[in-house]
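Student: below are the sequence and a predicted model; questions follow.
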Amino acid sequence: MFNAPLPPSSLSAVQHPLAVYGWDEGWEAEFASYAAQGLVPGRVVRVDRGQCDVATPDGVVRGDTAFVVPHDPMKVVCTGDWVAVDPEGGDPRYARTILPRRTAFVRSTSSKRSEGQVLASNIDHIIIRVSLAVELDLGRIERFLALAMSSSSGEALLRTSADSWESGAQPLVVLTKADLVPDVTGLSYLVQDVETTAPGVQVLPVSSTSGEGVEVLKTIVADGTSVLLGTSGAGKSTLANALLGEDAMEVQATRDIDGKGRHTTTTRNLFVLPAGGVLIDTPGLRGVGLWDAATGVNQVFSEIDDLAEQCRFHDCAHEAEPGCAVLAAIEDGALPERRLESYRKLMRENQRIVAKTDARLRAEIRRDWKMKGAEGRAAMAAKRGRLR
């Protein structure tokens, strides 16, 4: 007797046609009410000009985003989202709603309206790609990590051990073009520099040319969804092609003047990896604005937080206070001054971003400025009085 195939809704999560895209029992439970309405589950693999490509049990379909582009930019559909789509036969087929995101990588937009922009959602690994073809920019790595360590669905990540995170996406720094550093000792020093900048984060040297580290990286990303981040024209597509095992992304030659490539990726695309897992390749980021990343900053600079607990005053600003353990660590060489300056810069930037949307915090900042101004004027008056 011939047995007809079971419909996708009756298959187990492992057997589901979308399992290769990350479908699991949790998503199945989230989607149950929409399945009852006759809608079809799908994962967004690309968003472009009011339309989105959605991987469904029947294959990739073109969906209309009219219902998933609200006024709040944080709730606009993006690559990596799971959505409920009209069944086959609809024209157009609308993406009706977005399932609640488990994680999201968010940065501040370049606009003056203080808005967040979701670059990728439902991610398990954030791969920060750094090229060894140019001098390491440790400050930029710290900035990427601060955002990565704050990437969750509205909740801060909590570090439970040196290399474990309680929730959200796992950050990973990949040093590409490792073949350009033939000296093993020199390469180990570069890795150590980044490890010091990224406490508790795995740092992996990789070469798409020689194959060094590629298999290790494939093993890491085979579990879950990974997003590939990096600066503009830095060659992320080359690494994406190495993981995909084919030239799926266009790659252009690097410039001799600065070792950078041209900006080729213009949209965020989701690919199924042959060894398992999925990869989201993103356009290069010319700017990486923080977005509510205070927790991430504190985790990136965890040694400063640890030292601050030893300061004489609990509200020590680590500027000139007596008994400051942070300044003492700089004095004896245990803490690089560059780290403290970078920490201050990122914390100030994040405070400005948050203050734009928090009236109470804006008022507190103004009071703090006025207080410090009054203290400065009083100190100058006292000094003039002593000099008379």
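Tutor: All right, it came through fine.

Student: for this structure, what helix or strand is lowest in average pLDDT?
Tutor: Least confident element among the helices and strands of the chain, by mean pLDDT, DSSP states H and E: strand 159-161 (a mean of 35).

Student: any regions of this protein where pLDDT drops low?
Tutor: 1-14, 108-116, 150-168, 232-235, 247-266, 284-294, 353-388 (pLDDT under 70).

Student: kindly list the longest strand within it.
Tutor: Determined from DSSP state E, the single longest strand within the chain is strand 40-48.

Student: end to end on stretch 201-210, go ahead and measure it.
Tutor: One end of stretch 201-210 to the other measures 24 Å (C-alpha to C-alpha, to the nearest Å).

Student: for it, buried residues please.
Tutor: 201, 203, 204, 205, 206, 207, 208 (16 or more other C-beta atoms under 10 Å). Using the backbone N, CA and C atoms, a C-beta is placed for each residue, glycine as well.

Student: what does stretch 178-197 give?
Tutor: Residues of stretch 178-197 classed as buried by neighbour count (16+ other C-beta under 10 Å): 178, 179, 181, 187, 190, 191, 194, 197.

Student: ok, of those, which one's closest to residue 236?
Tutor: The nearest member of these to residue 236, counting by C-beta to C-beta, is residue 178 at 15.4 Å.

Student: isn't the closest one right up against residue 213?
Tutor: Yes. The criterion here is C-beta atoms under 8 Å, and residue 178 meets it with residue 213 at 6.7 Å.

Student: intersection of neighbour lists for the two?
Tutor: 205, 206, 207 (C-beta atoms under 8 Å, 6 or more residues apart in numbering).

Student: the second one - nearest residue in space that isn't next to it in sequence?
Tutor: Yep, that's residue 206 we're talking about. Nearest non-adjacent residue to residue 206, counting by C-beta to C-beta, 6 or more residues apart in numbering: residue 213, 3.7 Å away.

Student: from residue 207, how far out is the one you found?
Tutor: 7 Å (C-beta to C-beta, to the nearest Å).

Student: quickly list what's touching both of these two.
Tutor: residue 178.

Student: could you look up the SS state of residue 179?
Tutor: What DSSP: H, G, I helix; E, B strand; the rest coil gives for residue 179 is helix.

Student: so who does it touch?
Tutor: Residue 179 neighbours (C-beta under 8 Å, 6+ apart): 207, 209, 210, 212.

Student: state the pair within these that is farthest apart.
Tutor: 209 and 212 (8.6 Å).

Student: next, name the residue at the spatial heart of the chain.
Tutor: residue 148 (3.7 Å; C-alpha atoms, centre = their mean).

Student: check the gap between it and residue 181 for me.
Tutor: 24 Å.

Student: how about the helices of the stretch 201-350 of the chain, start to end?
Tutor: If DSSP state H, counting those that start in this stretch is used as the criterion, the helices of the stretch 201-350 of the chain fall at 214-221, 236-244, 294-300, 302-308, 325-331, 337-357.

Student: quick one, phi/psi of the residue nearest to residue 144 when sequence neighbours are not counted?
Tutor: Spatial nearest neighbour of residue 144, excluding adjacent residues (C-beta to C-beta, 6+ apart): residue 128 at 4.6 Å. When read as degrees, to the nearest 10, the backbone of residue 128 gives phi -90, psi 110.

Student: residues contacting residue 128?
Tutor: By C-beta under 8 Å, 6+ apart, the residues touching residue 128 are 141, 144, 145, 148, 171, 172, 173, 174, 229, 230.

Student: any idea which of those residues is closest to residue 240?
Tutor: Among the contacts of residue 128, and counting by C-beta to C-beta, the member closest to residue 240 is residue 230, at 10.4 Å.

Student: now do the helix or strand containing residue 140 against helix 337-357, angle only.
Tutor: Assessed by DSSP states H and E, residue 140 sits inside helix 138-148. Counting by axes from the mean of the first three to the mean of the last three C-alpha atoms, to 10 degrees, helix 138-148 points 40 degrees away from the direction of helix 337-357.

Student: from the contact counts, what lies against helix 138-148?
Tutor: Helix 138-148 sits against strand 104-108, strand 125-131, strand 170-176, helix 184-197, helix 294-300, helix 337-357, with contacts defined as 3 or more C-beta pairs under 8 Å, 6 or more residues apart in numbering; DSSP states H and E.
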